[in-house]
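> Take a look and give me a structure for this.
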Amino acid sequence: MKKKLLITVGAGASLDFGLPSVDAVDKLLDDHAKQLFPLAHDPERNLYSHIRDKLNAYYAQNPKEGLRKWANFEDVIYQVNVLASLFSDSEFQNGANALLRAEELPNVLRHGREVSAADSSVLIELAASMQDIIVEHFIEVCATLPDTQRENIAHLKSMLDALSDEFDIGVVTLNYDNVFSLARPDLYTGFNTVSGAFEPVAVLNRTEWNFLYHVHGSIHYAMDMTPSDMHRIEWRKTPQKGRASQASGRNGQSTAESLQFPTSVIIAGYGKTHQMLRQPFRTLFAQVNKLVLESDALLFIGYGFGDLHLNATFSEATDRRRPVAVITWGDIKNDPFQFRADAWSTNLQATVPTRARSMSGPDSTSPWSIDELKAAAEFEVSNDEDFKLAIWYDGLMSKSLDVTKLISHLRLSPLETPLD
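Coordinates of the predicted model:
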């Protein structure tokens with residue numbers, strides 16, 4: 001029997017395919033808000049950038065520069081949702097209002113015309129419209145991929161095919177795009193291929209691997225407002241912009257904490273554990289917990305280890321040791337893993353068992369620089385037999401990435417003893 005390889009895909013895996021970076025999404029949302037939510041006293045600025053800049057000014061006060069954080073679009077989206085709950089509590093449901101007071105926001109020109117207070121209704125509209133613009137942009141870009149990224153898609157298919165020859169593979173993607181489904185359209189998604197309906201029982205009962213689960217949403221997800229459920233998500237083979245992919249105009253998702261999140265085909269912003277209580281998200285995430293425990297090896301591609309709810313799932317896999325490989329991008333600013341002390345390395349070590357001091361260049365006991373590893377087309381590897389980790393720093397689409405070498409790192413026999 002083949003061993004089982006669980007592949008987790010993050011945003012970094014899609015950059016080589018022309019999908020937007022975190023900074024590019026921030027600019028996209030900033031440009032969008034300039035049109036719909038300019039500030040009344042300064043129309044060159046907008047409500048989104050105002051909140052982002054306030055967050056960054058606060059974070060910049062951290063005296064420890066190495067630990068200083070910066071607001072990304074997910075941070076801003078979450079804070080918009082939090083502010084909406086603080087600005088509207090006429091039924092006195094949110095206990096935070098007994099202890100906290102939100103800073104007043106500047107007035108906006110609603111839709112560029114009418115002066116309006118930036119109240120809860122404006123913030124709710126902003127949050128929903130931000131998710132809509134993300135979905136629409138991804139749909140537009142992904143529609144071009146079969147033509148513009150033909151070579152890269154073929155390269156990814158070749159890699160996945162090689163991994164499939166060695167393992168039963170399963171892909172858990174946090175991305176909204178269709179990159180992996182273009183490369184391997186045969187992978188099971190959890191949705192009926194004819195009707196498009198989600199199949200929760202089939203997912204939970206499934207023993208076969210060879211799947212592709214979009215746990216944070218997809219451009220293929222659509223809410224077609226069926227009579228039984230106006231917001232039920234189904235799979236649309238050809239993604240389309242329009243009402244079915246929009247959160248705007250829909251009732252939000254309320255939480256016991258009196259927060260409200262947009263009802264969208266994607267999960268965006270922090271507070272993901274609240275947003276994934278809908279189908280298909282809750283079933284797919286529940287299944288991921290099971291798949292982690294079943295896996296024999298783990299491969300992370302372009303994942304920043306910033307989703308703590310997912311990290312917690314992997315950190316529970318302590319019944320036996322698994323070989324782990326990470327495909328990421330590193331540059332001259334990054335130290336070798338042994339000396340690295342940023343959020344990425346810290347979260348990686350908290351997610352999968354490893355000992356940073358054991359990481360080095362191949363056939364060496366000394367750490368290599370990132371440039372040395374790239375020049376030699378080598379993985380940074382662990383010398384500790386109990387904690388097998390290999391890190392590739394030249395990205396997914398690197399022509400020097402040797403899939404055979406990747407497989408050799410992943411098929412090391414896991415020791416069957418529990419971890420200490």
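
> Skip ahead from the longest helix anywhere in the chain and say which helix or strand is next.
Determined from DSSP state H, the single longest helix within the chain is helix 120-148. Next in sequence after helix 120-148, counting helices and strands by DSSP states H and E, comes helix 150-166.

> which stretches of the protein form helices?
22-36, 47-59, 73-87, 120-148, 150-166, 179-183, 200-205, 272-275, 281-294, 308-315, 343-351, 370-375, 403-410.

> Distance to residue 390, mean neighbour count and mean pLDDT for these - can I get that in CSV?
(C-beta placed from N, C-alpha, C; glycine too.) Output for these, formatted as CSV (distance: least, Cβ to Cβ, whole Å; neighbours: other Cβ atoms under 10 Å; pLDDT from 0 to 100):
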stretch, distance to residue 390, mean neighbour count, mean pLDDT
helix 22-36, 25, 17, 95
helix 47-59, 33, 17, 96
helix 73-87, 29, 22, 92
helix 120-148, 29, 20, 96
helix 150-166, 14, 16, 97
helix 179-183, 21, 21, 97
helix 200-205, 30, 13, 97
helix 272-275, 28, 20, 92
helix 281-294, 19, 18, 95
helix 308-315, 16, 18, 91
helix 343-351, 12, 18, 89
helix 370-375, 11, 17, 93
helix 403-410, 4, 17, 95
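
> circling back to that earlier point, I'd like to know which elements the longest helix of the chain is packed against.
Judged by 3 or more Cβ pairs under 8 Å, 6 or more residues apart in numbering; DSSP states H and E, helix 120-148 is in contact with helix 22-36, helix 47-59, helix 73-87, helix 179-183.

> Please give the centre-to-centre distance between it and its chain.
Centroid separation between helix 120-148 and its chain, computed with Cα atoms, centre = their mean, to the nearest Å, is 15 Å.

> coming back round to it: turn the helices and strands packed on helix 120-148 into CSV, including distance to residue 123.
Formatted as CSV, the helices and strands packed on helix 120-148 follow (distance: least, Cβ to Cβ, whole Å):
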stretch, distance to residue 123
helix 22-36, 12
helix 47-59, 8
helix 73-87, 4
helix 179-183, 32
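
> quick one on the thing from earlier: could you say which one of the helices of the chain comes nearest to residue 251?
Across the helices of the chain, residue 251 has its closest neighbour in helix 120-148 (10.2 Å, Cβ to Cβ).

> related to what we said a few turns ago, please name whichever of the helices and strands packed on helix 120-148 is nearest to residue 279.
For the helices and strands packed on helix 120-148, the distance to residue 279 is smallest for helix 179-183, at 19.5 Å, taking Cβ to Cβ.

> thinking again about what came up before, quick one, which of the helices and strands packed on helix 120-148 gets closest to residue 292.
Closest among the helices and strands packed on helix 120-148, using Cβ to Cβ: helix 179-183, at 18.6 Å.

> between the helices of the chain, which gets nearest to residue 220?
Closest to residue 220 of these is helix 179-183 (Cβ to Cβ; 7.3 Å).

> quick one: the residue nearest to residue 46 when sequence neighbours are not counted and residue 105, what's the gap?
Leaving aside its chain neighbours, residue 46 sits nearest to residue 33 (3.9 Å; criterion: Cβ to Cβ, 6 or more residues apart in numbering). According to Cβ to Cβ, to the nearest Å, residue 33 and residue 105 sit 13 Å apart.

> Mind listing the shared neighbours of these two?
residue 47 (Cβ atoms under 8 Å, 6 or more residues apart in numbering).

> Quickly note the distance from residue 231 to residue 139.
Counting by Cβ to Cβ - residue 231 and residue 139 are separated by 19 Å.

> Where do the strands of the stretch 201-350 of the chain begin and end?
Taking DSSP state E, counting those that start in this stretch to define them, one finds strands in the stretch 201-350 of the chain at 211-214, 221-223, 233-235, 253-254, 260-261, 297-301, 324-327.

> What pairs with the third one, parallel or antiparallel?
When pairing is defined by DSSP bridges, strand 233-235 lines up against strand 221-223 (antiparallel).
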